[in-house]
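In: Got a sequence here, can you build the structure:
(one chain, ligands or ions: 2)
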Amino acid sequence: MAEEVKAGGAIDTYRIPLVVAGPCSAENPEQVLTCAHELAQLGCVDFYRAGVWKPRTRPGGFEGRGAQALPWLAQAQQETGLPVCVEVATTTHVRAARDHGIASYWIGARTATDPFAVEELSHAIPPGDGVIFVKNPISPDLELWIGAIERFRRAGHARVVAVHRGFYAADAAPLRNSPRWEVPLALRSRLGDLQIVCDPSHIAGRAELVPGIAQQALDYSFDGLFVEVHPSPQHALSDAAQQLTPATFGAMMRRFRYSVRAGERDLEPDLAHLRGEIDRLDSQILELLGARMRIVQRIGAWKMEHGVQPYHPGRWRQLLTHHLRYGEMVGLDRGFVRNLCHLVHTEALRVQGNMRGDDTQGEV
Ligand code: PEP
Ligand code: MN
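Out: Numbers count the residues shown, from 1 in each chain. Ligands and ions are numbered 1, 2, ... in the order given. This is a model prediction of the structure:
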């Protein structure tokens, strides 16, 4: 998108298909216009974002300027030529934005969790408007995210883009939200034709952590970025800690390592060879997991025969302690080993539960 603009713009050392940037909230005309002009000058931004109605976890915080901010954004759009997108959560929001010539939107993480709201919005926005950015729901529920995207597509919207903004997790620190990269990567394999961009600002929660998250998203072949940029972050009325200045945003955009996407050119023979190695090792891992599961079944049969329950906390702790230490020795990340152990152990319990006829599986 807007490749020609970027090629001629100030920043042309990388190629990222879709870049959205702007303040968390539209606060006053000067802030909205200054930020829009500084971003437009960088030449690498495709959409200007600004929140007008802010969904706050608790009442009493800054809830956005509401409809009075729309003329400021309309002016920014007109002066810079950057299409503006705003967060919409209700039909009234859509009408108000459209009345001001603003016709690209994002669906916030809280709204994306609510199928009723999404369904209503999918009909409130006329097909043929600009882009609809659909953020992931607060919890890592891939089906719910896909459902929201599907509702827009079924209502006839051709330009739907997913935004990965991370997921609520009690242990996300030092980040604000846990990235759970496997979720957007699974989305990519489920909906291959969908563009996915990353919102590193809401994942990081702190400005200094934004570039690292953004680079990681680009390494994972995301189609672009959705970044919070404020002319004076320390005075921002919402999300002050995580916003970049236009200058630091520009510096970040210049520094990105750019990688050629697989498929855009023939894979190097070296890479093909290394991928062959990976495929071979993956097959071995699966074969070993299969063998492990067959032993789990034998243990399950023994436990049934002796009237012993499947789960033994002592054995699990011992196993985990050993694997964490061993994993470290062979150069694996502790968090990764812990997740892997949980996954394998949960599957073993499921298999043993099935053998006993327990029905712990079920969909709400
Ligand atoms: C935002 O983009 O400012 C916002 C409120 O995001 P999210 O819905 O991802 O929390
Ligand atoms: Mn924000």
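In: near ligand 2, which residues of the stretch 151-300 of the chain?
Out: D239 (Cβ under 5 Å from the ion). Just so you know, the C-beta spots here come from the backbone N, C-alpha and C atoms, and that holds for glycine as well.
In: residues touching the residue lying closest to E27 once chain neighbours are set aside, list them.
Out: Nearest residue to E27 in three dimensions, chain neighbours excluded: L237, at 5.4 Å (Cβ to Cβ, 6 or more residues apart in numbering). Contacts for L237 (Cβ atoms under 8 Å, 6 or more residues apart in numbering) come out as 25, 27, 62.
In: need those in JSON lines with neighbour count, can you?
Out: Formatted as JSON lines, these follow (neighbours: other Cβ atoms under 10 Å):
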{"residue": "S25", "neighbour count": "25"}
{"residue": "E27", "neighbour count": "24"}
{"residue": "F62", "neighbour count": "15"}
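In: Among those residues, which lie within strands?
Out: Judged by DSSP state E, the subset of these located in strands is empty.
In: which of those lies closest to R298?
Out: Nearest to R298 among those: S25, at 59.7 Å, using Cβ to Cβ.
In: partners of that closest one in the sheet?
Out: Taking DSSP bridges as the rule, S25 bridges to G51.
In: and the gap between it and L349?
Out: 46 Å (Cβ to Cβ, to the nearest Å).
In: now swap in G327 and tell me
Out: Taking Cβ to Cβ, one finds G327 at 21 Å from L349.
In: can you count the residues close to the residue of the stretch 51-200 of the chain found nearest ligand 1?
Out: Proximity of the stretch 51-200 of the chain to ligand 1 (Cβ to the nearest ligand atom) peaks at G108, 3.2 Å away. Using other Cβ atoms under 10 Å, the number of residues around G108 comes to 23.
In: what's the nearest residue to A348 if we skip its chain neighbours?
Out: Closest to A348 by Cβ to Cβ, 6+ apart is V296, at 4.4 Å.
In: Point out where the stretch 201-350 of the chain drops to low pLDDT.
Out: 258-267 (pLDDT under 70).
In: Show me what residue of the stretch 201-350 of the chain gets nearest to ligand 2.
Out: D239 (3.8 Å; Cβ to the ion).
In: ok, that residue touching V227?
Out: No. Using Cβ atoms under 8 Å, D239 is not in contact with V227; the gap is 11.6 Å.
In: ok, the two, which is more surrounded?
Out: V227 (27 against 21).
In: The more buried one and L42, how far apart?
Out: The value you get for V227 to L42, if Cβ to Cβ is used, is 11 Å.
In: Need the residues touching each of the two.
Out: F249.
In: Would you map out the domains in this structure?
Out: 18-255, 269-356 (automatic domain parsing).
In: Buried deepest among those domains, which one?
Out: Mean neighbour count (mean count of other Cβ atoms under 10 Å) peaks for domain 18-255 among the domains of the chain, with a mean of 19.
In: Could you list the residues of the protein in contact with ligand 1?
Out: 24, 51, 108-109, 135, 165, 202 (Cβ under 6 Å from any ligand atom).
In: Can you give me the separation between the closest residue to ligand 2 within the chain and R58?
Out: With Cβ to the ion, the shortest gap between the chain and ligand 2 falls at C24, namely 3.4 Å. In this view, C24 and R58 are 17 Å apart by Cβ to Cβ.
In: which stretches of this structure form helices?
Out: 3-8, 29-42, 70-80, 91-99, 109-112, 115-124, 142-154, 182-190, 200-204, 210-219, 246-255, 269-305, 313-329, 334-355 (DSSP state H).
In: right, and these - which one's nearest A170?
Out: Nearest of the helices of the chain (Cβ to Cβ): helix 334-355, 14.3 Å.
In: contacting residues around the closest one?
Out: In contact with helix 334-355 (Cβ under 8 Å, 6+ apart) are residues 289, 292-293, 296-297, 299-301, 303-304, 310-311, 316, 319-320, 323-324, 327-328, 360-361.
In: try stretch 286-296
Out: Counting by Cβ under 8 Å, 6+ apart, 344, 347-348, 351-352 sit against stretch 286-296.
In: Spell out for me which residue occupies the centre of this protein.
Out: H164 (1.3 Å; Cα atoms, centre = their mean).
In: Which pLDDT value belongs to that residue?
Out: The model reports H164 with a pLDDT of 98.
In: OK, contacts around it?
Out: Contacts of H164 (Cβ under 8 Å, 6+ apart): 136, 179, 183-184, 196-199, 203, 217, 222.
In: Now with 10 Å, please.
Out: 135-136, 145, 177, 179-181, 183-185, 187, 196-200, 202-203, 213, 217, 220, 222, 226 (Cβ atoms under 10 Å, 6 or more residues apart in numbering).
In: who's it bridged to?
Out: Going by DSSP bridges, H164 forms beta bridges with C198.
In: What distance do you get for it to F336?
Out: For H164, the distance to F336 - Cβ to Cβ - is 20 Å.
In: before we move on, what about Q78?
Out: Per Cβ to Cβ, Q78 is found 49 Å from F336.
In: repeat for H345
Out: Counting by Cβ to Cβ, the gap from H345 to F336 is 15 Å.
In: same deal with F249?
Out: 31 Å.
In: repeat for L281
Out: Distance of L281 to F336, given as Cβ to Cβ: 16 Å.
In: P83 now?
Out: In terms of Cβ to Cβ, P83 sits 40 Å off from F336.
In: what do you get for Q68?
Out: With Cβ to Cβ as the criterion, Q68 and F336 are 48 Å apart.
In: Could you pull up the contacting residues of the residue lying closest to D99 once chain neighbours are set aside?
Out: Sequence neighbours aside, L70 is the residue nearest to D99 in space, at 7.6 Å (criterion: Cβ to Cβ, 6+ apart). Listed by Cβ under 10 Å, 6+ apart, the contact partners of L70 are 26, 50, 52, 84, 86, 93, 96-102.
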